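# Need coordinates for the below:
(chains A and B)
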Amino acid sequence: DAGVIQSPRHEVTEMGQEVTLRCKPISGHDYLFWYRQTMMRGLELLIYFNNNVPIDDSGMPEDRFSAKMPNASFSTLKIQPSEPRDSAVYFCASRWDRGNNEQFFGPGTRLTVL
Amino acid sequence: GESVGLHLPTLSVQEGDNSIINCAYSNSASDYFIWYKQESGKGPQFIIDIRSNMDKRQGQRVTVLLNKTVKHLSLQIAATQPGDSAVYFCAENQAGKLIFGQGTELSVKP
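Prediction:
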C-alpha cells in the first residue's frame, strides 16, 4: 500500500489566493483526519470524516477553511482567501473503523502564504 | 511584532544509552494512548500503543509505561541510535479523536 498520499508537498501562494490541499487515504480506511502543525500551536485537529461524512469540524479555525470528502478515496481542504497566518504544515491521516485508533499520517503539505 | 514559537523540551543522549521520554495527559477517561515519532520533513509515524487496562507494553527496543494514577505516560528506547533522533509525541484517544502533546525532541550524539 502506498500509504496516505498528499498533494502538493509544497505550496507557496500570495495572501488572498485560494489554496486547495488534497489527500488520498489508505484504501479501506473509514476515517479521515486533517491536521495543522505549527511551532506556535503544535499539532491541531481541524476536521475529521467517517465514511465520507464530516463528524467534527470544531477545530476549523474560520469560515475561510472548508473541507470535503466526495468519495472514500479523496478529500480536499480549501482555504479561501488565504492569509500569512495560515502558513503551516497540513497533514492528512486515516484509520480503520475497528481495532485500535492508530492513525496513519501522510507526508504533509507545507503551505507558505506570503 | 516578532512571533514566539514553542520551545520543545529536548533530550540529548549518547548513542547506545537508553532514552526515557515523558508525557502527562489530561483526561482520566482516555482509553488508549499512542506514541508517534516525527522526523524532519515527514509526517508522524506510529511507534507503539497501549490501552488503559494495561500498564506496560513492549515492542522492539521500545517500552511504553502507563501510570493512570498520575496520568503519566513514558516511552523508553533501549540502545538509542542516531536514527532515533526525531520529535516524539504522545497522543491520547478521546471519543475517537487523538489529542497530541507538544512533543519532545530527542537528539542522539554519536
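# Can you give me the distance of residue B:93 to residue A:100?
Distance from residue B:93 to residue A:100, counting by CB to CB, to the nearest Å: 9 Å. From N, CA and C alone the C-beta is placed, and that goes for glycine too.
# Identify the contacts common to these two.
Common contacts of residue B:93 and residue A:100, defined by CB atoms under 8 Å, 6 or more residues apart in numbering or on different chains, comprise residue B:32.
# quick one, which of those two is more surrounded?
Applying other CB atoms under 10 Å in any protein chain shown to residue B:93 and residue A:100 shows that residue B:93 carries more neighbours, namely 22 against 14.
# Just the pLDDT for the residue lying closest to that one once chain neighbours are set aside.
Using CB to CB, 6 or more residues apart in numbering or on different chains and skipping residues adjacent in sequence, the residue nearest residue B:93 is residue B:32, 3.9 Å away. Residue B:32 is assigned 92 on the pLDDT scale.
# next one: residue B:4
The model's pLDDT for residue B:4 equals 44.
# okay, the residue in chain A sticking out farthest from the centre: pLDDT?
Largest separation from the mean C-alpha position in chain A: residue A:99, at 23.1 Å (CA atoms, centre = their mean). The per-residue pLDDT reported for residue A:99 equals 70.
# show me what contacts it?
Residue A:99 neighbours (CB under 8 Å, 6+ apart): none.
# Is it correct that it falls within a helix?
No. When classified by DSSP: H, G, I helix; E, B strand; the rest coil, residue A:99 is found to be coil rather than part of a helix.
# Using CSV, write down the CA coordinates of the lowest-mean-pLDDT helix or strand in chain B.
Within chain B, no helix or strand scores below strand B:97-100, which has a mean of 90 by mean pLDDT, DSSP states H and E. The C-alpha trace of strand B:97-100 is given here as CSV (Å, rounded to 0.1, in the frame of the first residue of the first chain):
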residue,chain,number,x,y,z
LYS,B,97,-10.0,11.8,18.4
LEU,B,98,-6.3,11.8,19.1
ILE,B,99,-5.2,14.7,21.3
PHE,B,100,-1.5,15.3,20.8
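# helices or strands next to it in the packing?
Applying 3 or more CB pairs under 8 Å, 6 or more residues apart in numbering or on different chains; DSSP states H and E, we find strand B:97-100 packed against strand A:42-50, strand B:86-94.
# by how many degrees do the last one and strand A:42-50 diverge?
So the one you mean is strand B:86-94. Per axes from the mean of the first three to the mean of the last three CA atoms, to 10 degrees, the angle that strand B:86-94 makes with strand A:42-50 is 50 degrees.
# buried set for strand B:86-94?
For strand B:86-94, a neighbour-count test (16 or more other CB atoms under 10 Å in any protein chain shown) marks B:86-94 as buried.
# Please apply the same query to stretch A:92-100.
Using 16+ other CB under 10 Å as the test for burial, stretch A:92-100 gives A:92-95.
# What is the nearest of the residues you listed to chain B?
Closest approach between those and chain B, by CB to the nearest CB: residue A:93, at 7.7 Å.
# average pLDDT for the helix or strand where the closest one lies?
If you go by DSSP states H and E, residue A:93 is part of strand A:88-95. Across strand A:88-95, the average pLDDT comes to 97.
# Who are the packing partners of that strand?
So strand A:88-95, by 3+ CB pairs under 8 Å, 6+ apart, packs with strand A:5-7, strand A:19-24, strand A:31-38, strand A:74-79, strand A:104-105, strand A:109-113.
# From the chain's centroid, how far away is that strand?
Distance of strand A:88-95 from its chain centroid, counting by CA atoms, centre = their mean, to the nearest Å, is 5 Å.
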